[in-house]
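Novice: What follows is a predicted structure for the sequence shown.
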Amino acid sequence: MTRAIIGMVAAALIAAAGTVVVIGVHRPATSAVGAITPAAAEEAPAPIYFQDPDGKPFYSPTPRKTPDGRDYRPVPAGADVSFDEDAPAAMPPTPAASAGSGERRIKYYRNPMGLPDTSPTPKKDSMGMDYIPVYEGDDSDDGFVKLSPGKIQRTGVKSEPAARRVIRTMVRAPGTIALDERRISVIAMRSESFILKVADVTTGSHVAKGQPLMEIYSPSVSSAAAEYLATITSKTIGGDVAYGRGSRQRLMNLDVPDAAISAIEKSRTVPTSIEWTAPRDGIVLERNAIEGMRVQPGGVLFRIADHSVVWALIDVAERDLGMIAKGQPVAVKARSFPGREFSGKVDVIYPEINKETRTARIRAELQNPDLILLHDMYVDAEIDTGTGEAVLSVPDSAVMDTGSRQAVFVDKGQGRLEPREVKIGHRGGGYVEVRQGLADGEAVVVSANFLVDAESNLKAALKGFAEGAQQ
């Protein structure tokens, strides 16, 4: 905030009422606060306004008293507020004197309250405040914002060069664990059978491939086994080899385990019961087999799933779907096991959107050697959508985004800042990609750029006032 804005607000409010309240005014540490003695008042210069004796932000253009009867403190011109260390003196030199002394030439004087009033010579306003000189070059229309070194230091303006960096944009989304559909096995009979015995296996038990599950008797299996045994015997004395292969295939079509067929070939006897074994390593999800029961063709007796590899089904928000691609790395953390992380890649992007949650589902395959990831378990996923290529980028704080336009301040040195419109891309890791409008190595303002933007808007407004008054 500059002296002109404060003065403009004070003038407008003083004209409307005898007392105004100004927020954000800070008096220099050297200004004395308190009543002035009569002897000092005779030597003090004429006051330009009066302030509350306690230093509160209450002002009056004429002498007045507080509600408790104390006089307002007179404020002389020398104690007026100034925020610029390079502010002009109380009585600036005339244009002729400035030109003769070799200093910068004064073009005109503007109203100290920021009103649209200028003068070619020094003058005072109605409150006795001096008009502020405007030097040549101060109002140049070259598109740059100029700040003094003192103002740059006070506002904390800092610059950083644009550079090429690898931007990692993480998409975070919740998900659930699901079984791999390709690793589920169902044990069902293909012919009418009777269960003679069931192994000590229950739902939730872990079984290994080839482990016995039950013993069954099936008339169809026994008939096929007798036929195959007869074929084997005849083949040894010159039988039809092709017919023998067909007999064995019949046993395989009845889903008889390979171990049982091998036992028939070795023993050369027709078994009264067949031992049924587990087709894969996994956990028993379903057990319907009961000793003595009769099983019709198609009846499911066991369902076994391999948990060593599972799926993570992740629900990504619709707005983030455009950044997701197959093959991107996925890091999954289970809420039940903090500190553990499971890695995978995006395998499938399902071609549908949930109309209720407006999310898209993607699938990642995860290794689960410890079998701690269970079906329907909740997980949190992070998808790295970065390309791995270095792109031109600047810190997030350097970009002023209005929604439809983005701009940065380019530091040209010596307090000259150039506002420039840019086109941005991905964000991540505190940086934003700049696709257009900036070159590699150009320094941009990364802090206090909103203060710089306010300063540039203020100067543009004051310049507009001065040009209107001159016209």
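Specialist: It's in. Numbering: from 1, shown residues only.

Novice: List the buried residues in the host helix or strand of residue 154.
Specialist: Here residue 154, judged by DSSP states H and E, is contained in helix 149-155. Using 16 or more other Cβ atoms under 10 Å as the test for burial, helix 149-155 gives 151, 152, 155. C-beta: built from backbone N, CA, C; applies to glycine.

Novice: And stretch 308-323, by the same measure?
Specialist: For stretch 308-323, by 16+ other Cβ under 10 Å, it's 309, 310, 311, 312, 313, 314, 315, 316, 320.

Novice: so what pLDDT did the fifth one get?
Specialist: It stands for residue 313. At residue 313, the model reports a pLDDT of 96.

Novice: Please apply the same query to the first one.
Specialist: According to the model's per-residue confidence, residue 309 sits at a pLDDT of 94.

Novice: Domains in this protein, by residue range?
Specialist: The chain breaks down into these domains under automatic domain parsing: 3-79, 95-138, 145-167+389-469, 171-180+307-384, 190-298.

Novice: what about residue 275, how many residues close to it?
Specialist: By other Cβ atoms under 10 Å, 17 other residues sit near residue 275.

Novice: just the one 10 residues further on next, same as before
Specialist: Other residues near residue 285 number 17, with proximity taken as other Cβ under 10 Å.

Novice: What separation do you get for residue 298 and residue 189?
Specialist: According to Cβ to Cβ, to the nearest Å, residue 298 and residue 189 sit 8 Å apart.

Novice: With residue 355 instead?
Specialist: Going from residue 355 to residue 189 by Cβ to Cβ gives 42 Å.

Novice: Neighbour count for these two, which is higher?
Specialist: When neighbours are counted by other Cβ under 10 Å, residue 355 and residue 189 differ, and residue 189 comes out ahead with 23 against 7.

Novice: so what pLDDT did the nearest residue to the more buried one once chain neighbours are set aside get?
Specialist: Nearest residue to residue 189, sequence neighbours excluded (Cβ to Cβ, 6 or more residues apart in numbering): residue 295, at 4.7 Å. In this model, residue 295 is scored at 92, pLDDT.

Novice: Then residue 330?
Specialist: 95.

Novice: isn't residue 325 right next to residue 348, touching?
Specialist: No. At 11.8 Å, residue 325 does not count as touching residue 348 under the criterion of Cβ atoms under 8 Å.

Novice: mind listing the helices for the stretch 151-300 of the chain?
Specialist: With helices called from DSSP state H, counting those that start in this stretch, the stretch 151-300 of the chain shows them at 219-235, 241-253, 258-267.

Novice: Next, format those as a markdown table and append mean pLDDT and distance to residue 72.
Specialist: Listed next are those as a markdown table, based on pLDDT from 0 to 100; distance: least, Cβ to Cβ, whole Å:
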| stretch | mean pLDDT | distance to residue 72 |
| --- | --- | --- |
| helix 219-235 | 84 | 112 |
| helix 241-253 | 75 | 109 |
| helix 258-267 | 87 | 107 |
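
Novice: To residue 61, which of the ones you listed lies closest?
Specialist: helix 258-267 (107.2 Å; Cβ to Cβ).

Novice: List the buried residues of that closest one.
Specialist: For helix 258-267, burial by neighbour count (16+ other Cβ under 10 Å) applies to 260, 261, 264.

Novice: quick one: contacts for the second one?
Specialist: Spelled out, that is residue 261. Residues in contact with residue 261 (Cβ atoms under 8 Å, 6 or more residues apart in numbering) are 228, 248, 251, 252.

Novice: Okay, it and residue 232: tell me how far apart.
Specialist: Going from residue 261 to residue 232 by Cβ to Cβ gives 11 Å.

Novice: With residue 76 instead?
Specialist: According to Cβ to Cβ, residue 76 stands 124 Å off from residue 232.

Novice: In stretch 154-172, which residues are buried?
Specialist: Buried residues in stretch 154-172, counted by 16+ other Cβ under 10 Å: 155, 157, 159, 162, 167, 169, 171.
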